[in-house]
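Peer 1: Have a look at this fold, sequence not included:
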């Protein structure tokens, strides 16, 4: 007898380069908006690549306590913000039956780079004591669980560009086989930093998209043999950046 349960999606959220909620993201897709723009996180003078798909006009304080936001790197902030948009009502749920499947392909290279520079210039005593919890990729899932009081199954997936898809699959099976009734699913990253840009340039992953204007990116990506670009947001793969809340069908709206 097949005891697997059916699973449905009941909430969405999005923090993306073309919109910071589902409605604006979807409208951006229909309008064929280009999420790429000049890199603003650091000086790109010495780099061949000048553009990336950065999240714009994002204020973490709109989604969480300012103190909590200061203890998170952007990839975790994006995950919490996208999860908040999904509209889960924990007063109606058993927190021990609500889990999380949140992934980030790399965590925060920014804080590693920042604190390493600080160590070299000012000494090891000046390194942020929160370096590790800011850096490691599983802090996104931890922060989502803490922010919403989720006490069920907690999964951190790290499978590079497949992370978001893997997160959805793991959450789907968790509900299907009765390990949870509700799963909050997010894939998030913020990969625009000097180390990541240097790595991709040196590996020649970007050799066919060495462009200086955002408008050139779609055409170059379409004809490139190595389609790699820097993006940011709370994301599933292929730069479709969204948050999904899945649950058993009989409790779905």
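Peer 2: That came through, no problem. Small disclaimer: the values here were computed from a predicted structure and weren't measured.
Peer 1: now the strands for the stretch 101-250 of the chain?
Peer 2: When secondary structure is read from DSSP state E, counting those that start in this stretch, the stretch 101-250 of the chain shows strands at 154-157, 182-190, 232-234, 243-248.
Peer 1: can you pull the contacts of residue 37?
Peer 2: Residue 37 makes contacts with 17, 51, 52, 53, 54, 56, 214, as judged by CB atoms under 8 Å, 6 or more residues apart in numbering. For every residue, glycine as well, the C-beta is placed using N, CA and C.
Peer 1: Throw together a PyMOL command that grabs the buried residues out of these.
Peer 2: Typed into PyMOL, the line below selects the buried ones among those, using 16 or more other CB atoms under 10 Å:
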select buried, resi 17+51+52+53+54+214
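Peer 1: Max pairwise distance over the contacts of residue 37: which two?
Peer 2: Largest separation among these by CB to CB: 51 and 56, giving 13.1 Å.
Peer 1: The most centrally placed residue in the chain pairs with what?
Peer 2: In the chain, the residue lying closest to the centroid (CA atoms, centre = their mean) is residue 188, at 0.9 Å. Taking DSSP bridges, one finds residue 234 as the beta-bridge partners of residue 188.
Peer 1: shouldn't it be in contact with residue 140?
Peer 2: Yes: here residue 188 lies in contact with residue 140, judged by CB atoms under 8 Å, at a distance of 5.7 Å.
Peer 1: about what we covered before: how about JSON lines for the contacts of residue 37, with pLDDT added?
Peer 2: Supplementary listing: the contacts of residue 37 in JSON lines, determined by pLDDT from 0 to 100:
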{"residue": "17", "pLDDT": "89"}
{"residue": "51", "pLDDT": "79"}
{"residue": "52", "pLDDT": "80"}
{"residue": "53", "pLDDT": "82"}
{"residue": "54", "pLDDT": "86"}
{"residue": "56", "pLDDT": "89"}
{"residue": "214", "pLDDT": "59"}
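Peer 1: quick one: which of the contacts of residue 37 is nearest to residue 88?
Peer 2: Relative to residue 88, the closest of those is residue 17; by CB to CB it sits at 24.9 Å.
Peer 1: so who does the nearest residue to residue 57 once chain neighbours are set aside touch?
Peer 2: With CB to CB, 6 or more residues apart in numbering as the measure, residue 20 is the residue that lies nearest to residue 57, at 6.8 Å, once sequence neighbours are left out. Taking CB under 8 Å, 6+ apart, we find residue 20 in contact with 14, 55, 56, 57, 58, 81.
Peer 1: ok, residue 20 to residue 30 distance?
Peer 2: Distance check for residue 20 against residue 30: by CB to CB, to the nearest Å, it reads 16 Å.
Peer 1: Next up, the contacts around residue 156.
Peer 2: Contacts for residue 156 were tallied using CB under 8 Å, 6+ apart; they are 102, 103, 104, 137, 138, 140, 141.
Peer 1: In the stretch 151-253 of the chain, where is pLDDT below threshold?
Peer 2: The stretch 151-253 of the chain contains residues with pLDDT under 70 at 189-253.
Peer 1: can you rerun that using 50?
Peer 2: Counting by pLDDT under 50, the ranges of the stretch 151-253 of the chain that qualify are 206-210, 224-228, 235-243, 253.
Peer 1: Next, count neighbours for residue 129.
Peer 2: Other residues near residue 129 number 7, with proximity taken as other CB atoms under 10 Å.
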